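>>> Task: produce atomic coordinates for the following.
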Amino acid sequence: MQVKHLLSRLTMTTVLLITTACSLVGQETPSAPMPPLDEGKAFTSVSVDGTALSFEIPSGWLSINEPAWEWSPTGTTERRVGIRWQTLTPPAEAEAAMLPQNAVGLSAKSLSLSWARGRRHTVEVYATPAPAQSGETKAEIIAVETHCLLTVMQGASRVVYDLFASAPDAEQLAALEPVLTRMLESSALSK
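Numbers count the residues shown, from 1 in each chain. Sure, this is the predicted structure:
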């Protein structure tokens, strides 16, 4: 856990140095970095209406995109965590139902919690469909996201939960990863 905290601080220092350097040469600065997550910071338990799911988010984070279940440290949609869910109708699969359409997968790995199993996907989201051929013009990346897709049977229904984090780039997404990890580790599905 201390290694993650140290890496988070190193990432923050790097972003601050880049921001300072850009300011000195008169270039536009990248978006303000998210402060590192304080491991001792208070967390708030959230029970998601319409589901039996609960998890923790940092206290003080602001709810955004009402009525969506999303939170941000700054109150903007640029960097956020959240949850979506959907009942799957066969033959629908979790990835097709929940991952952004204009996205390209960067990584995927198995995920196992006490109440569900699934996959953790990291994707780049494009403004337009991603280029299919290497010779095509590269589309603009508008976000890098991690989606934790967890599928469970609830009665006769197959439900997929998507606990996710979204940021403009991979470095800012890395700063959100401790929050997403806390959401997953604290999550519980009551019967």
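>>> By mean pLDDT, point me to the weakest helix or strand of this structure.
Here the helix or strand of the chain ranked lowest by mean pLDDT, DSSP states H and E is helix 2-24, holding a mean of 35.
>>> which residue ranges form the strands in this structure?
Ranges of strands within the chain are 43-47, 53-58, 62-64, 69-72, 80-88, 103-112, 117-126, 141-154, 157-167, 188-189, based on DSSP state E.
>>> what comes up buried for the longest one?
Judged by neighbour count (16 or more other C-beta atoms under 10 Å), strand 141-154 contains these buried residues: Ile141, Ala143, Val144, Glu145, Thr146, His147, Cys148, Leu149, Leu150, Thr151, Val152. Where you see a C-beta, it was placed from the backbone N, CA and C, and this is true even at glycine.
>>> What of the second one?
Of all the residues in strand 53-58, those buried under the rule 16+ other C-beta under 10 Å are Leu53, Phe55, Glu56, Ile57, Pro58.
>>> May I have the beta-bridge partners of the third one?
In this structure, Glu56 has beta-bridge partners Ser45, where bridges are defined by DSSP bridges.
>>> residues contacting it?
For Glu56, the contact set (C-beta atoms under 8 Å, 6 or more residues apart in numbering) comprises Phe43, Thr44, Ser45, Val46, Arg182, Met183, Ser186.
>>> Now that we're looking at the fourth one, what pLDDT does it have?
According to the predicted model, the pLDDT of Val46 comes to 94.
>>> How about the fifth one?
Arg182 is assigned a predicted lDDT (pLDDT) of 97.
>>> Just give the nearest non-adjacent residue to it, would you?
Spatial nearest neighbour of Arg182, excluding adjacent residues (C-beta to C-beta, 6 or more residues apart in numbering): Glu56 at 5.8 Å.
>>> Return the distance of the one you found relative to Ser110.
Distance of Glu56 to Ser110, computed by C-beta to C-beta, to the nearest Å: 23 Å.
>>> Run the chain-centre distance for stretch 179-186.
11 Å (C-alpha atoms, centre = their mean, to the nearest Å).
>>> Show me which residues of that stretch are buried.
Buried residues in stretch 179-186, counting neighbours by 16+ other C-beta under 10 Å, are found at Val179, Leu180, Thr181, Arg182, Met183, Leu184.
>>> Format the buried residues of strand 53-58 as TSV; extra columns: pLDDT and distance to Pro73.
Formatted as TSV, the buried residues of strand 53-58 follow (pLDDT from 0 to 100; distance: C-beta to C-beta, whole Å):
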residue	pLDDT	distance to Pro73
Leu53	95	22
Phe55	97	17
Glu56	97	15
Ile57	96	10
Pro58	96	7
